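Chemist: Just to be clear, the model below is a prediction. Sequence and coordinates:
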Protein chains: 2
Amino acid sequence: MQKSRRGRRAGGSDTRNDILEAARLQFGELGYGHTTLRSVAAVAGVDPRLVLHYFGSKQRLFIESVELPVDPELVFGSLFEGRREGAGQRAAQLFLAAMEDTETQRAMIGLIRAAASEPEAAELIREVLTQRILMPLASRVGADQPELRASLMASQVVGLMMARYVVGLQPLASASREQLVRALTPVFDHYLAGAWVADPG
Amino acid sequence: MQKSRRGRRAGGSDTRNDILEAARLQFGELGYGHTTLRSVAAVAGVDPRLVLHYFGSKQRLFIESVELPVDPELVFGSLFEGRREGAGQRAAQLFLAAMEDTETQRAMIGLIRAAASEPEAAELIREVLTQRILMPLASRVGADQPELRASLMASQVVGLMMARYVVGLQPLASASREQLVRALTPVFDHYLAGAWVADPG
């Protein structure tokens, strides 16, 4: 049999991307528990063995299908820009701008929903967040206990998304971006650089 | 027909409580969407018309079935104790102590899960939180924009619960209560009393 360019289902990075896209759809619609390698393969229009070949397991497929709307390396680089001053404000601005982007908002809320409703997914999301967001952030914090600081930042970010977009708590849900940047700046400064974390003694 | 004390299913506050307990069970196990007045009645061992009589609708039954593990009036009273100083620290201590109580933790995580996975439940939870937590808190804040301050407090509390107990982000999940009280105190002070909320101009 001759390999043909037409047969993009036969392999290569297009197939891989098709599978990832199908996986995002399925995980989003059915949840982690009800999605199978077979159902993803059906949506992508490929042989289930191909999904297994590329990703090895449903866990791996889920982890790789999580799309971060921004590149953490890029974002955290611009956060500190070699200096500590103003990092809290830049973090607040970057976060709010990202959150008001429809695509980003949808992706992040999808992760929150999955984590809240499926313990199995929560474990995988913890891995994704730790590897791809918390560790890159912590490596740049430049203060004591950077990992705790990064996870506290993450807790406020997740909570704001829950309160503002998922539950719609007022007046938080209708507050302006500028108002929230002012509210969050001292909090992010405190989490990133405040002299408070170490246990006494 | 003679009314008998034995027939506690026939009405009265015991019946109402039985229905509420059955509702909590069902909403927790099946989620909001799959629970019906009929299924709650079956679990409680009462006539479905009695559920309708007491609560009027599934929405109302859900709202009334939400058990707050603490009495907000009591907690927020002790938060301010007539003075502003130390309110952030007292809030952090009260919150962390409440969170480490197994019952409270279970109840709050149940609400978070319901809000995240079911938009219909999220709307009802917004009503419960606003009426029973945010408004009583805001009424005691004694600073400009008390409602925004209360909802920002709530966002950090929800986010910490998600990160620490639902997702299990490290090292937040294993941080000591004392460490988190120190981390949260300035944040709660800022949200409760900081001079930052008003829009400029």
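Modeler: Okay, I see it. Just so we're clear, the structure is a prediction, and the values are computed from it rather than from any experiment. Numbering: from 1, shown residues only, chains lettered A, B, ... in the order given.

Chemist: Give me the neighbour count for residue A:45.
Modeler: 11 (other Cβ atoms under 10 Å in any protein chain shown). C-betas here are computed from N, CA, C, even on glycine.

Chemist: Spatially, what comes nearest to the most centrally placed residue in chain A if we skip its sequence neighbours?
Modeler: Residue closest to the mean C-alpha point of chain A, counted by Cα atoms, centre = their mean, is residue A:68 at 4.7 Å. Excluding the flanking residues, the one nearest residue A:68 by Cβ to Cβ, 6 or more residues apart in numbering or on different chains is residue A:132, at 6.0 Å.

Chemist: ok, now which ones touch whatever residue of chain A ends up closest to chain B?
Modeler: Proximity of chain A to chain B (Cβ to the nearest Cβ) peaks at residue A:159, 2.1 Å away. Neighbour list for residue A:159: B:154, B:155, B:156, B:157, B:158, B:159, B:160, B:162 [criterion: Cβ atoms under 8 Å, 6 or more residues apart in numbering or on different chains].

Chemist: ok, the second one to residue A:59 distance?
Modeler: For residue B:155, the distance to residue A:59 equals 31 Å [Cβ to Cβ, to the nearest Å].

Chemist: between those two, who's got more neighbours?
Modeler: residue B:155 (27 against 15).

Chemist: Could I get the buried residue list for the worst-scoring helix or strand of chain A on mean pLDDT?
Modeler: Lowest by mean pLDDT, DSSP states H and E among the helices and strands of chain A is helix A:72-80, with a mean of 81. Across helix A:72-80, burial judged by 16 or more other Cβ atoms under 10 Å in any protein chain shown covers A:72, A:75, A:76, A:79, A:80.

Chemist: So for stretch A:172-190, what gets flagged as buried?
Modeler: Going by neighbour count (16+ other Cβ under 10 Å), the buried part of stretch A:172-190 is A:172, A:175, A:179-190.

Chemist: Can you name every helix or strand that the one helix or strand residue A:26 maps to contacts?
Modeler: Counting by DSSP states H and E, the element that carries residue A:26 is helix A:13-34. Under the contact criterion of 3 or more Cβ pairs under 8 Å, 6 or more residues apart in numbering or on different chains; DSSP states H and E, helix A:13-34 touches helix A:37-44, helix A:48-55, helix A:58-65, helix A:102-117, helix A:119-129.

Chemist: Show me what the fourth one is packed against.
Modeler: The contact analysis (3+ Cβ pairs under 8 Å, 6+ apart) places helix A:102-117 against helix A:13-34, helix A:87-99, helix A:119-129, helix A:146-161, helix B:102-117.

Chemist: Same list, the helices and strands packed on helix A:13-34, but as JSON lines with mean pLDDT please.
Modeler: Converted to JSON lines, the helices and strands packed on helix A:13-34 look like this (pLDDT from 0 to 100):
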{"stretch": "helix A:37-44", "mean pLDDT": "96"}
{"stretch": "helix A:48-55", "mean pLDDT": "95"}
{"stretch": "helix A:58-65", "mean pLDDT": "91"}
{"stretch": "helix A:102-117", "mean pLDDT": "84"}
{"stretch": "helix A:119-129", "mean pLDDT": "88"}
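
Chemist: ok so, going back, in helices, which of the buried residues of stretch A:172-190 fall?
Modeler: Using DSSP state H, the members of those that fall in helices are A:179, A:180, A:181, A:182, A:183, A:184, A:185, A:186, A:187, A:188, A:189, A:190.

Chemist: Out of these, which is nearest to residue A:29?
Modeler: The nearest member of those to residue A:29, counting by Cβ to Cβ, is residue A:180 at 31.0 Å.

Chemist: Now for the closest one: which residues touch it?
Modeler: So residue A:180 contacts A:92, A:96, A:160, A:172 (Cβ under 8 Å, 6+ apart).

Chemist: Now render those residues as TSV, adding pLDDT.
Modeler: Shown next, in TSV, are those (pLDDT from 0 to 100):
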residue	pLDDT
A:92	94
A:96	92
A:160	95
A:172	95
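
Chemist: ok, which pair from those is furthest apart?
Modeler: Largest pairwise distance in those, by Cβ to Cβ, is 14.2 Å, between A:92 and A:172.

Chemist: What is the neighbour count of residue A:56?
Modeler: Neighbours around residue A:56, by other Cβ under 10 Å: 12.

Chemist: Phi first, then psi, for it.
Modeler: phi 80, psi -40 (degrees, to the nearest 10).

Chemist: Residue A:92 touches residue A:185, doesn't it?
Modeler: Yes - the pair residue A:92 and residue A:185 qualifies as a contact (Cβ atoms under 8 Å) at a distance of 4.9 Å.
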